[in-house]
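> got a predicted model here, sequence first, then my questions.
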Amino acid sequence: MMVGNRLGAAAQRAVGNDRYGPLTEPRLVRWLLIGIALVFLGFFLIVPLALVFVKAFEGGWHTYLEALRDPIATAAIRLTLLVAAIAVPVNLVFGLAAAWAIAKFRFRGKNLLVTLIDVPFSVSPVVAGMIFVLLFGAHGWVGPWLAEHDVKIIFAVPGIVLATMFVTAPLVARELIPLMQAQGDDEEEAALTLGASGWQTFFRVSLPKVRWGLMYGVVLCNARAMGEFGAVSVVSGHIRGLTNTLPLHVEILYNEYQFAASFAAASLLTLLALVTLMLKSLIEWRTSR
Amino acid sequence: MEERGTVLETDAGHLPAPLPTPLRVTARRGGGRRLPGGSVLPGFGLSLGITLLYLGLVILIPLSTVFIKTASLTWAEFLAKVTAPRALAAFRLSFTVAFVAAAVNVVFGVIVAWVLERYPFPGRRLVDALVDLPFALPTAVAGIALASIYAANGWIGQWLAPLGIQVAYTPLGIMVALTFIGMPFVVRTVQPVLRDIDPEVEEAAASLGAGRWTTFLRVLLPDLVPAIATGFVLAFARALGEYGSVIFIAGNMPMKSEIVPLLIMIQLEQYDYAGATAIAMVFLIASFALLFLINFLAWRRHRREAPEVES
């Protein structure tokens, strides 16, 4: 825009409403680059998206609904919702605590702590599942003790929840830490000076300040919790109707060549992803205003 | 690492929660008493306590099982597991294909970031939002979709098959899946840097007679390199450990198209915990090295940018 002003309105009109005005590439190069980008994204994003829905509805609405009304499918959907309903709030509390500690205070080892929060991002999902098998499995550290007391964690719901918590742990914290750091504590200090209690300051001042970032973190965390496959696959045991989450249900149907049913279940997860992206864009649009 | 960890924990245990009174404010402003965490805000002990407890219980203790289990192996056992021909083949495949996929993402990621930042075209906002799809789409869904598309009778596969190109069930298919999974990283690290480059530097280059290509190579690219490097390492790290999107399209033939995460999975299913742990250990060391590299790159970028922020 500044460039446009300096060059005058006529020049700007000549090159279109482009921030980079005359400093841009020849039209041919521009269209070529746009073309390359769109073809690349088309092959890798649009085609897979379209395929999921086309395959899901290949047998018509009736087969689609049938596939989702199947008792094993509904059990998988229920389990997926349950896992997210536990993992997301827990990670929300963790994310708020971690961001508060890291953004508001100075202490030794802070950089190490920030790095540790990122660890689950760089650990393979399969390894993330494996560590819980090593800990709670039949041959694991506390496995024999758990078996004696008739507590099942591996190949049961608690293992799935734990693996999901591990994988999604950084998501809320990662959104909040830079946001809280950038915002500073002036408002909080003012609230405290005016006599607000610590919790009042937190709920009435700090939380509203970060609400959009928080919402974005929760949305991402939820998408990841509902969609996690590798880590959950290791600890689940694939017991139909009991320990199959929706992504595992998709896998089993696909491997049994029940493609229409598999893609029907996959279409639900795809809708979840699309809603997540929509909310993300919405939140970004709200914060940029 | 051990030592620093303990310091953290004692900090959390012994520091009392500060009282949020106006007195504290004056105390700090007067430079008198040392406040926990160096701030007047309350909740230092509580928030750090929750953070460390959760990190410890959910991340550190479970992860330590890999190290302790590995330590129970003798050096010879460990080497035998890790250098078994099948393991070596899996390592070679995983590292090579992840590297190639990350490299593909650098080329196309820079183009996509450039186009999204600089060229207005219809639907740009929508395309920009869709770039994050691989973050949000469950990997199993990506896996079955890509496998169906690139199978010999699939939407794209049927056009490639007559040309003698087989994508699904070959290492090429693995590369396709890993490219998908790593795509947002380069785009999203390069985009903000591209946005922040002052148009004046390009004007200066143009007024000195540089063409667009020269300007890009000599003026813009050096500024983009740290972001590109970060994006590459992030995409590579993600691709290395990826499981869900790969197994459907990979074919999963031992020695040929079996990635490391799948090998770990198979060994776990066969109750070969020692083998799975030894391979996971090598993988964890690689991930930590990459994590360190990512943080180092971020720190360097931060240092480069810091003086500008202050001025």
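On my side now, so go ahead.
> helix, strand, or coil at residue 52?
All of this refers to chain A. Counting by DSSP: H, G, I helix; E, B strand; the rest coil, the backbone at A:Val52 sits in helix.
> pLDDT below threshold where in chain A?
Low-confidence segments of chain A (pLDDT under 70): A:1-23.
> got the domain boundaries for it?
In the assignment given by automatic domain parsing, the structural domains of chain A cover A:2-51, A:59-288.
> can you mark which positions in the helix ranked longest in chain A are buried?
Criterion DSSP state H: the longest helix present in chain A is helix A:71-104. Under the neighbour-count criterion of 16 or more other Cβ atoms under 10 Å in any protein chain shown, helix A:71-104 has A:72-73, A:75-77, A:79-80, A:83-84, A:86-88, A:90-92, A:94-104 buried. Yep, even glycine has a C-beta here, placed from its N, CA and C like the rest.
> what is the neighbour count of the residue in the stretch 201-311 of chain B that chain A sits nearest to?
Nearest to chain A in the stretch 201-311 of chain B, going by Cβ to the nearest Cβ, is B:Gly241, at a distance of 2.8 Å. Neighbourhood size, B:Gly241 [other Cβ atoms under 10 Å in any protein chain shown]: 27.
> contacts only, for the nearest residue to it once chain neighbours are set aside.
Leaving aside its sequence neighbours, B:Gly241 sits nearest to A:Ser124 (Cβ to Cβ, 6 or more residues apart in numbering or on different chains; 2.8 Å). By Cβ atoms under 8 Å, 6 or more residues apart in numbering or on different chains, the residues touching A:Ser124 are A:230, B:240-243, B:260-261, B:264, B:280, B:283, B:287.
> of all those, which two lie farthest apart?
Using Cβ to Cβ, those reach their maximum pairwise distance at B:Glu242 and B:Ala280, which is 14.9 Å.
> any idea how far A:Ala128 is from the most centrally placed residue in chain B?
Centroid check for chain B by Cα atoms, centre = their mean gives B:Leu234 as the closest residue, at 3.0 Å. Distance, B:Leu234 to A:Ala128, by Cβ to Cβ, to the nearest Å: 18 Å.
> next: B:Trp213.
45 Å.
> looking at those two, which is more packed in?
Higher neighbour count among B:Trp213 and A:Ala128: A:Ala128, with 28 against 10, using other Cβ under 10 Å.
> mind saving the C-alpha coords of the helix or strand that that one is a member of as PDB?
A:Ala128 is part of helix A:125-136 when elements are defined by DSSP states H and E. Taking Å, rounded to 0.1, in the frame of the first residue of the first chain, the C-alpha atoms of helix A:125-136 are listed here in PDB:
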ATOM      1  CA  PRO A 125       2.900 -41.900  17.300                       C
ATOM      2  CA  VAL A 126       3.800 -45.600  17.400                       C
ATOM      3  CA  VAL A 127       6.500 -44.900  20.000                       C
ATOM      4  CA  ALA A 128       4.000 -42.800  21.900                       C
ATOM      5  CA  GLY A 129       1.800 -45.900  22.200                       C
ATOM      6  CA  MET A 130       4.600 -48.200  22.900                       C
ATOM      7  CA  ILE A 131       5.800 -46.400  26.000                       C
ATOM      8  CA  PHE A 132       2.400 -47.100  27.600                       C
ATOM      9  CA  VAL A 133       2.600 -50.700  26.700                       C
ATOM     10  CA  LEU A 134       6.100 -50.900  28.300                       C
ATOM     11  CA  LEU A 135       4.600 -49.200  31.400                       C
ATOM     12  CA  PHE A 136       1.300 -50.900  31.800                       C
END
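> that helix near chain B at all?
Yes - Helix A:125-136 comes into contact with chain B (Cβ under 8 Å from any Cβ of the partner chain), by way of A:125-127, A:130-135.
> same question for stretch A:52-63.
Yes - residues of stretch A:52-63 are located near chain B by Cβ under 8 Å from any Cβ, namely A:52, A:55.
> from the chain's centre, how far out does that stretch sit?
Chain-centre distance of stretch A:52-63: 27 Å, with Cα atoms, centre = their mean, to the nearest Å.
> the residue of the stretch 201-311 of chain B closest to chain A contacts A:Phe121, correct?
No - taking contacts as Cβ atoms under 8 Å, B:Gly241 lies outside contact range of A:Phe121: 9.4 Å.
> pretty sure B:Val186 sits against B:Trp114.
No - look at B:Val186 against B:Trp114 with Cβ under 8 Å: they stay out of range, at 11.2 Å.
> so which of those two has more stuff around it?
For B:Val186 versus B:Trp114, neighbours defined as other Cβ under 10 Å are more numerous around B:Val186 (29 against 21).
> and among the domains of chain A, the most buried is which?
domain A:59-288 (a mean of 20; mean count of other Cβ atoms under 10 Å in any protein chain shown).
> distance between the ends of that domain?
Distance between the boundary residues of domain A:59-288 (Cα to Cα, to the nearest Å) amounts to 43 Å.
> next one: stretch B:40-49
The first and last residues of stretch B:40-49 sit 18 Å apart, counting by Cα to Cα.
> so it, near chain A or not?
Yes - using Cβ under 8 Å from any Cβ, stretch B:40-49 reaches chain A at B:40-44, B:46-48.
> got the buried residues for that stretch?
By neighbour count on 16+ other Cβ under 10 Å, the buried set for stretch B:40-49 is B:40-45, B:47-49.
> and the longest helix of chain A, how far from the chain's centre?
Its chain's average C-alpha position is 10 Å from that of helix A:71-104, according to Cα atoms, centre = their mean.
> could you do stretch B:155-166 as well?
31 Å.
> contacts for it?
The contact list for stretch B:155-166 (Cβ under 8 Å, 6+ apart) reads A:43, A:47, A:51, B:148-152, B:167-168, B:172.
> CA-only coordinates of it in PDB, if you can.
In PDB, the C-alpha atoms belonging to stretch B:155-166 read as follows (Å, rounded to 0.1, in the frame of the first residue of the first chain):
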ATOM      1  CA  TRP B 155      -8.400 -41.800 -10.000                       C
ATOM      2  CA  ILE B 156      -4.800 -40.800 -10.600                       C
ATOM      3  CA  GLY B 157      -3.200 -44.200 -10.500                       C
ATOM      4  CA  GLN B 158      -5.100 -45.400 -13.700                       C
ATOM      5  CA  TRP B 159      -3.400 -42.600 -15.700                       C
ATOM      6  CA  LEU B 160       0.100 -43.400 -14.300                       C
ATOM      7  CA  ALA B 161      -0.200 -47.200 -14.700                       C
ATOM      8  CA  PRO B 162       0.000 -47.200 -18.500                       C
ATOM      9  CA  LEU B 163       3.200 -45.100 -18.200                       C
ATOM     10  CA  GLY B 164       4.700 -47.800 -16.100                       C
ATOM     11  CA  ILE B 165       4.600 -45.700 -12.900                       C
ATOM     12  CA  GLN B 166       3.300 -47.600  -9.900                       C
END
